[in-house]
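# Next input, structure requested:
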Amino acid sequence: MKQAKINIVAGLKTSTTLAAFVGTRISDAWPSATAVYPCVSYLQTTGTGEIADGHTIGFDEIYQISLFAKPEPGKSAAMTLESMAEAVLDVADDLGMALVGNSDLILDDGSGVKHKPLQFRYITRR
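Below you'll find the predicted structure:
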């Protein structure tokens, strides 16, 4: 599990395409009330170990990479999120992760922040 998170974070942080949108605003926490948008968060949502001969030999895990954006002058938050999602999909493809779910949500805080959660299946072997 730990190595999977290291791989995901490294992939996100080294993506020049994603960095063009979020800079270094990539974390393992939900955006705070004072967050600067757009930004990205990541977390593991589920996971099971694969056992063979009494030893864990791999993990089948679901990770959520959440994209957040606000409307900008002349640009909708939805369009920003779609461009960010393309960058994240490239990272996921490089890591061998499979997209298993995504949607667009609007956070009801009155600021127009949109949230696009992308869920990926990531199978790791030891």
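# Could you tell me which ranges of this structure sit under the pLDDT cut-off?
Along the chain, segments meeting pLDDT under 70 span 1, 47-59, 107-109, 125-126.
# Show me where it has its helices.
Under the criterion DSSP state H, helices of the chain are mapped to 2-14, 16-22, 77-95.
# buried residues in the longest one?
To tie it back to what came earlier, the one meant is helix 77-95. By 16 or more other CB atoms under 10 Å, the buried positions in helix 77-95 come out as Ala77, Thr80, Leu81, Ser83, Met84, Ala85, Ala87, Val88, Leu89, Val91, Ala92, Leu95. (C-beta placed from N, C-alpha, C; glycine too.)
# Now do the residue nearest the centre of the chain against Met79, distance only.
When CA atoms, centre = their mean is applied to the chain, the residue found nearest the centroid is Ile65 (1.7 Å). Distance check for Ile65 against Met79: by CB to CB, to the nearest Å, it reads 18 Å.
# cool, Lys2 as well?
From Lys2 to Met79 the distance is 35 Å (CB to CB).
# which one is Asp104 nearest to, not counting chain neighbours?
Lys116 (5.5 Å; CB to CB, 6 or more residues apart in numbering).
# OK, contacts around that neighbour?
Ser66, Leu67, Phe68, Leu81, Glu82, Met84, Ala85, Asn102, Ser103, Asp104, Leu105 (CB atoms under 8 Å, 6 or more residues apart in numbering).
# send the alpha carbons of stretch 77-88 over as PDB?
Below are the C-alpha coordinates for stretch 77-88, written out as PDB (Å, rounded to 0.1, in the frame of the first residue of the first chain):
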ATOM      1  CA  ALA A  77     -14.800  25.100 -13.700                       C
ATOM      2  CA  ALA A  78     -16.100  22.100 -15.600                       C
ATOM      3  CA  MET A  79     -13.700  22.800 -18.500                       C
ATOM      4  CA  THR A  80     -10.800  23.200 -16.200                       C
ATOM      5  CA  LEU A  81     -11.600  19.900 -14.500                       C
ATOM      6  CA  GLU A  82     -11.800  18.100 -17.800                       C
ATOM      7  CA  SER A  83      -8.400  19.300 -18.800                       C
ATOM      8  CA  MET A  84      -7.000  18.300 -15.400                       C
ATOM      9  CA  ALA A  85      -8.700  14.900 -15.600                       C
ATOM     10  CA  GLU A  86      -6.900  14.300 -18.900                       C
ATOM     11  CA  ALA A  87      -3.500  14.900 -17.200                       C
ATOM     12  CA  VAL A  88      -4.500  12.600 -14.300                       C
END
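# Fine, thanks again, bye for now.
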